[in-house]
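J.: missing the sequence, but the structure's below:
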Ligand SMILES: [Zn+2]
């Protein structure tokens with residue numbers, strides 16, 4: 001639904017119908033899918049299919065639903081969506097089960113959207129909040145962002161098996177933490193600017209509260225969750241971080257809106273070296289820039305830098321893949337493209353390219369704008 005199609009005063013909150021998380025949760029797929037009919041399509045790439053198919057088909061068979069796998073080729077382009085949809089149309093289907101990381105989930109959403117079927121998402125990693133969201137992203141053959149599509153509703157169910165997530169590489173969970181850490185601040189800025197959420201309405205008090213909970217959960221449980229990942233064994237900290245990265249983060253961006261940190265992902269796509277870094281790691285860097293623009297006190301910046309350093313989130317462009325110290329030209333290029341992102345309007349004051357350049361320079365040199373800007377109140 002395009003933003004702005006509701007009167008400006010409407011508060012809107014949307015969410016998946018059901019969220020199920022825990023070790024072995026894949027066994028919930030059968031009863032969930034069977035409620036929608038006896039035929040399900042399982043969309044996943046070949047690697048993920050091997051990982052989830054036995055548990056998914058077994059659980060569905062027990063519940064009386066037959067599963068047909070559709071192998072996703074790995075890149076979500078219009079041609080690949082067309083190929084999957086053509087194959088899907090030839091099959092009986094009452095529900096689409098979408099499994100994988102961001103792209104596998106998005107491929108399943110695209111098929112469900114085109115066939116007007118409900119979708120159940122099964123994230124196998126917790127690197128982003130796509131599984132709870134109603135949007136999916138389509139790329140061209142050169143892997144440039146082509147469009148963001150909106151399903152009419154959020155997924156029917158999100159099923160997160162933390163026994164699978166516990167085996168994922170550390171960098172992927174870090175990306176999930178990075179995608180989530182911005183939300184408290186982006187939601188607060190969007191709220192202050194009266195910006196629209198993804199449903200074209202104003203955020204609710206619930207969205208603000210969830211954003212605070214998301215941030216507090218990350219600070220309290222990131223270390224424990226990363227330790228659980230080393231042991232490849234879920235524990236309460238990993239459960240908390242997965243909930244923050246998949247459920248809370250998704251509810252926050254859809255219901256609370258976005259601001260500078262996510263706009264930065266557009267700017268970072270301008271440099272080939274930072275363009276291909278994981279979305280959540282780009283957002284972690286963008287959050288540092290947003291904090292500078294918010295003129296956060298030096299004590300806050302020091303605490304956040306210590307947190308980033310301890311767990312391994314990127315604090316500068318070099319850590320985001322740039323093979324050199326950032327030049328003025330690098331920063332100007334990123335700032336110019338970032339400024340074109342619509343979420344940049346969701347900030348407590350209008351921002352110029354110069355504001356962004358100054359904030360990025362402060363981030364790169366690890367100093368607070370509080371220390372450099374005497375006019376700052
Ligand atoms: Zn994100």
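T.: Good, I have the coordinates. Just so it is clear, the structure is predicted and the values come from calculations on it, not from any experiment.
J.: Can you report how many residues lie near residue 192?
T.: Here the number of neighbours of residue 192 (other C-beta atoms under 10 Å) works out to 13. All C-beta spots, glycine's among them, are computed from the backbone N, C-alpha and C.
J.: my bad, residue 40
T.: 29.
J.: do you know how far it is from residue 321?
T.: Using C-beta to C-beta, to the nearest Å, residue 40 is found at 39 Å from residue 321.
J.: Residue 75 too?
T.: Counting by C-beta to C-beta, the gap from residue 75 to residue 321 is 20 Å.
J.: Mind jotting down where the strands sit in this protein?
T.: For the chain, strands defined by DSSP state E occupy the ranges 18-22, 39-45, 66-72, 95-100, 119-123, 135-139, 145-150, 157-161.
J.: What residues of stretch 302-321 count as buried?
T.: Using 16 or more other C-beta atoms under 10 Å as the test for burial, stretch 302-321 gives 304-305, 307-308, 311-317, 319-321.
J.: of the residues you listed, closest to residue 153?
T.: residue 313 (32.7 Å; C-beta to C-beta).
J.: wait, what's in contact with the closest one?
T.: Going by C-beta atoms under 8 Å, 6 or more residues apart in numbering, residue 313 touches 174, 177-178, 181, 281, 284, 307.
J.: Pull the most distant pair out of these.
T.: For those, the farthest-apart pair by C-beta to C-beta is 281 and 307; their separation is 14.6 Å.
J.: how many neighbours does residue 174 have?
T.: Residues contacting residue 174 under the criterion other C-beta under 10 Å number 24.
J.: Kindly report the same for residue 354.
T.: So residue 354, with other C-beta under 10 Å, has 10 neighbours.
J.: can you pull the contacts of it?
T.: Per C-beta under 8 Å, 6+ apart, neighbours of residue 354: none.
J.: Tabulate the strands of the chain in TSV, adding columns for mean pLDDT and distance to residue 231.
T.: Output for those, formatted as TSV (pLDDT from 0 to 100; distance: least, C-beta to C-beta, whole Å):
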stretch	mean pLDDT	distance to residue 231
strand 18-22	98	17
strand 39-45	98	26
strand 66-72	98	31
strand 95-100	98	24
strand 119-123	98	20
strand 135-139	94	33
strand 145-150	91	37
strand 157-161	98	17
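J.: Skip the chain neighbours and tell me the closest residue to residue 189.
T.: Nearest non-adjacent residue to residue 189, counting by C-beta to C-beta, 6 or more residues apart in numbering: residue 259, 3.9 Å away.
J.: Quick check on that neighbour: phi, psi?
T.: Per-residue torsions, residue 259: phi -150, psi -130 (degrees, to the nearest 10).
J.: same check, this time on residue 317
T.: According to degrees, to the nearest 10, residue 317 has phi -70, psi -30.
J.: so what's the closest residue to it other than its chain neighbours scoring on pLDDT?
T.: Spatial nearest neighbour of residue 317, excluding adjacent residues (C-beta to C-beta, 6+ apart): residue 326 at 4.4 Å. Model confidence at residue 326, given as pLDDT, is 93.
J.: How about the contacts made by residue 326?
T.: 316-318, 360, 364.
J.: Count the residues that sit near residue 122.
T.: 31.
J.: in the sheet, who's paired with it?
T.: residue 99 (DSSP bridges).
J.: Mind listing what's buried along the lengthiest helix in the chain?
T.: Longest helix in the chain, counting residues (DSSP state H): helix 205-231. For helix 205-231, the neighbour count (16+ other C-beta under 10 Å) marks 207-208, 210-211, 213-215, 217-218, 221-222, 224-226, 228-229 as buried.
J.: One more: stretch 290-299?
T.: The neighbour-count check on stretch 290-299 (16+ other C-beta under 10 Å) flags 290-294, 296 as buried.
J.: Likewise for stretch 186-198?
T.: 186-191, 193, 195-198.
J.: which one among the residues you listed gets closest to residue 36?
T.: For the buried residues of stretch 186-198, the closest approach to residue 36 (C-beta to C-beta) belongs to residue 198, at 24.3 Å.
J.: Could you find the closest non-adjacent residue to that closest one?
T.: Excluding the flanking residues, the one nearest residue 198 by C-beta to C-beta, 6+ apart is residue 254, at 4.4 Å.
J.: who's in contact with that neighbour?
T.: 14-15, 132-134, 154, 197-199.
J.: my guess is residue 20 meets residue 160, correct?
T.: Yes. Between residue 20 and residue 160 there is a contact under C-beta atoms under 8 Å: 7.0 Å.
J.: Which members of the contacts of residue 313 occur in helices, if any?
T.: 174, 177-178, 181, 281, 284, 307.
J.: Start from the N-terminal end of the stretch 201-350 of the chain and give the helices.
T.: 205-231, 236-242, 249-256, 260-268, 272-275, 279-293, 298-311, 328-339 (DSSP state H, counting those that start in this stretch).
J.: Return the set of buried residues in stretch 340-350.
T.: 341, 343-344, 346-347.
J.: Same list (the residues you listed) but as a markdown table, adding distance to residue 143 and pLDDT.
T.: As requested, the buried residues of stretch 340-350 are exported to a markdown table (distance: C-beta to C-beta, whole Å; pLDDT from 0 to 100):
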| residue | distance to residue 143 | pLDDT |
| --- | --- | --- |
| 341 | 19 | 94 |
| 343 | 22 | 95 |
| 344 | 24 | 96 |
| 346 | 27 | 96 |
| 347 | 29 | 97 |
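J.: Residue 338: neighbour count?
T.: So residue 338, with other C-beta under 10 Å, has 26 neighbours.
J.: how far away is it from residue 197?
T.: With C-beta to C-beta as the criterion, residue 338 and residue 197 are 21 Å apart.
J.: Please name the residues that touch the closest residue to residue 160 other than its chain neighbours.
T.: Among residues not flanking residue 160 along the chain, residue 21 sits closest, at 4.2 Å (C-beta to C-beta, 6+ apart). Residue 21 sits next to 159-160, 162, 239, 242-243, 246-247 when contact means C-beta under 8 Å, 6+ apart.
J.: All set now, cheers.
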